[in-house]
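**Q** Got a sequence here, can you build the structure:
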Amino acid sequence: MQVYTGEGKGKTTAALGLALRACGSGLRVFLVQFAKGRPSGELAALARFADLVTVRQFGREGFILGEPEPEDRELARAGWREARRAAGDGGYDLLILDEIGIALHYGLVDTAEVLALVRDKPAGLELVLTGRCMPGEILQAADLVTEMREVKHYHARGVPARRGIEY
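**A** Here you go, the predicted model:
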């Protein structure tokens, strides 16, 4: 299992790079996005690989700020059910749980359930977890952990998110 975490930019981008590499080798990819519900350039690009990549979003269009809304909880639980189904059906080679760290941080998904998936997943399934605030138990269970650390970011100078660059 691989984990991309930390406060810096690039966690989802790294996971999507791996998805692209997998597609280039004919592997089937399932991407579950927690706490994300808006369209993005990367999803439009992945649509071109619809024969190999399945994408499901389980989030509202905006960010979770403060206490999660009931809708956030419902969406996260639906996303978790979909992730477990995809892991168990044997039809995928790569399963990406994008922003699962945030879902775990807010208690929208249970850490013990994720650890059970890590433990019980089929041997041929590569599992990738992304997101800030990844619990220590997940980091301990991982085979690879990459931490994205922000050194400098143009958002601090007021540069807004740009289409095709941040989304």
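
**Q** Residues in contact with stretch 55-66: which ones?
**A** 30-38, 43, 46-47, 69, 71-72, 75-76, 78-79, 82, 99, 102, 106 (CB atoms under 8 Å, 6 or more residues apart in numbering). C-beta: built from backbone N, CA, C; applies to glycine.

**Q** Weed out the non-buried ones from those.
**A** Among those, the ones that count as buried by 16 or more other CB atoms under 10 Å are 30-36, 43, 46, 72, 75-76, 79, 99, 102, 106.

**Q** So which of those residues belong to helices?
**A** Using DSSP state H, the members of the buried ones among the contacts of stretch 55-66 that fall in helices are 43, 46, 72, 75, 76, 79, 102.

**Q** How about the residue most central in space within the chain: what's its closest non-neighbour residue?
**A** Centroid check for the chain by CA atoms, centre = their mean gives residue 98 as the closest residue, at 0.5 Å. In space, and not counting its chain neighbours, residue 98 is closest to residue 33: 4.5 Å by CB to CB, 6 or more residues apart in numbering.

**Q** cool, and residue 88?
**A** residue 122 (7.7 Å).

**Q** What about the one you found, how many residues nearby?
**A** Counted with other CB atoms under 10 Å, the neighbours of residue 122 add up to 13.
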